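Undergrad: Dropping the sequence and predicted coords here.
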Amino acid sequence: MSDRDQAADWVARMDSGNWSEADEAVLQAWLAADPRRQGLLLQTQAAWMLPDAMREPDVVEAPEPANDTRSKWMRRGVLGGMAAASVAAFVTVRTGFSRDAEFVTRVGEIRRVPLDDGSIMTINSGSELKVSLSPRAREIQLLQGEAWFDVAKDAERPFIVASGPVRAKAVGTAFSVRKRDEGVEVLVTEGVVETWSDQDASRRLTVTAGERAVIKEWALVHYREGDNTPVDRALAWRNGMIDLNGTTLREAADEFNRYNQRQIVISDPGIAGEQFDGLFKLDDPMGFAQTLKVTLPVAIDTSDPSTIRIARSTEAELQK
């Protein structure tokens with residue numbers, strides 16, 4: 001079976017609802033054997049999830065057995081256009097996990113995982129977390145990275161996300177948790193979340209929709225945004241985008257570097273603090289760099305295929 005057919009088979013099996021931790025382990029081994037397979041799987045998943053957008057007008061539907069993976073793809077009309085897919089890297093596992101499970105996303109991979117209780121996790125690039133669902137509690141350990149949780153209501157089973165000593169508790173709401181160097185960031189998109197640090201559990205903070213909090217081991221910092229816009233912008237990655245709003249070039253580079261093997265390097269500290277606005281595809285660092293070139297007095301060096309170097313342009317230096 002070719003890699004393309006194998007990728008189609010993997011996606012069809014995910015979609016069937018009969019997916020296990022053993023299947024996940026075999027899939028990860030298949031992906032690890034050839035780095036090109038990751039991109040192929042992502043393109044295949046995108047084509048499966050968005051059949052109308054990918055359909056080519058001259059595809060002829062073929063009557064084949066209903067249980068044949070290829071026939072499913074022919075009915076969706078995506079075999080011809082699959083290789084041309086250019087979308088954000090999203091993989092969906094459409095089944096619930098009632099036992100302990102661990103999830104790891106590679107650089108550039110965003111994974112959407114429905115849980116057994118009806119909640120949905122959307123895991124960002126370069127993240128690692130563990131899930132434990134029991135009759136009395138729903139517990140998530142965020143070891144690194146970021147995830148957004150759309151929590152199903154269940155008053156008998158609190159939903160708690162832990163990252164180090166920091167805890168975020170919800171019953172039925174939607175919020176994200178991101179592990180940063182300076183602490184743990186909680187963004188609430190719907191409902192109410194209670195957060196605290198186990199270092200001092202008596203000090204608890206209530207964060208409501210449209211608000212953000214950064215929790216350190218001994219301190220709670222609450223940002224009242226006033227509306228949902230800043231929070232939605234920070235969570236644009238769920239739609240495959242990076243939304244920059246008064247962001248410094250250094251911060252923008254850090255964001256793009258979370259999703260791409262080719263890293264943006266700000267080689268001139270003098271421009272690192274320049275602020276920038278814009279909405280960009282998270283997998284298009286070159287597009288971001290080219291926009292900078294026509295907007296700010298900077299020069300772009302792409303001679304190294306592993307980096308995109310940004311520095312103040314020579315003309316700008318001469319004018320100083």
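TA: All right, it came through fine. Owing to the predicted nature of the structure, the values given are computational and were not obtained by experimental measurement.
Undergrad: can we go C-alpha only for contacts and neighbour counts from here?
TA: Fine.
Undergrad: What average pLDDT does the host helix or strand of Ala29 get?
TA: Ala29 belongs to helix 21-32 when assigned by DSSP states H and E. Averaging pLDDT along helix 21-32 gives 82.
Undergrad: Against which helices or strands is it packed?
TA: helix 36-49 (3 or more C-alpha pairs under 8 Å, 6 or more residues apart in numbering; DSSP states H and E).
Undergrad: thinking again about what came up before, list of residues touching the helix holding Ala29?
TA: 10, 37-38, 101 (C-alpha atoms under 8 Å, 6 or more residues apart in numbering).
Undergrad: next one: it to chain centre, how far?
TA: Mean-position distance between helix 21-32 and its chain equals 20 Å (C-alpha atoms, centre = their mean, to the nearest Å).
Undergrad: what does stretch 279-292 give?
TA: A distance of 17 Å separates the centroid of the chain from that of stretch 279-292, by C-alpha atoms, centre = their mean.
Undergrad: in that stretch, what counts as buried?
TA: 280-286, 288-289, 292 (16 or more other C-alpha atoms under 10 Å).
Undergrad: Taking the residues you listed together, which two end up most distant?
TA: Using C-alpha to C-alpha, these span at most 16.1 Å, a distance reached by Asp283 and Leu292.
Undergrad: sorry, back to before: pick out the lowest-pLDDT one from the contacts of helix 21-32.
TA: Among the contacts of helix 21-32, Gln38 has the weakest pLDDT, 73.
Undergrad: ok, the closest residue to that one other than its chain neighbours to Arg37 distance?
TA: What sits nearest to Gln38 in space, not counting adjacent residues and going by C-alpha to C-alpha, 6 or more residues apart in numbering, is Leu31, at 5.8 Å. Leu31 sits at a distance of 6 Å from Arg37 (criterion: C-alpha to C-alpha, to the nearest Å).
Undergrad: circling back: turn the contacts of helix 21-32 into JSON lines, including neighbour count.
TA: Rendered in JSON lines, the data for the contacts of helix 21-32 read as follows (neighbours: other C-alpha atoms under 10 Å):
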{"residue": "Trp10", "neighbour count": "19"}
{"residue": "Arg37", "neighbour count": "17"}
{"residue": "Gln38", "neighbour count": "20"}
{"residue": "Ala101", "neighbour count": "13"}
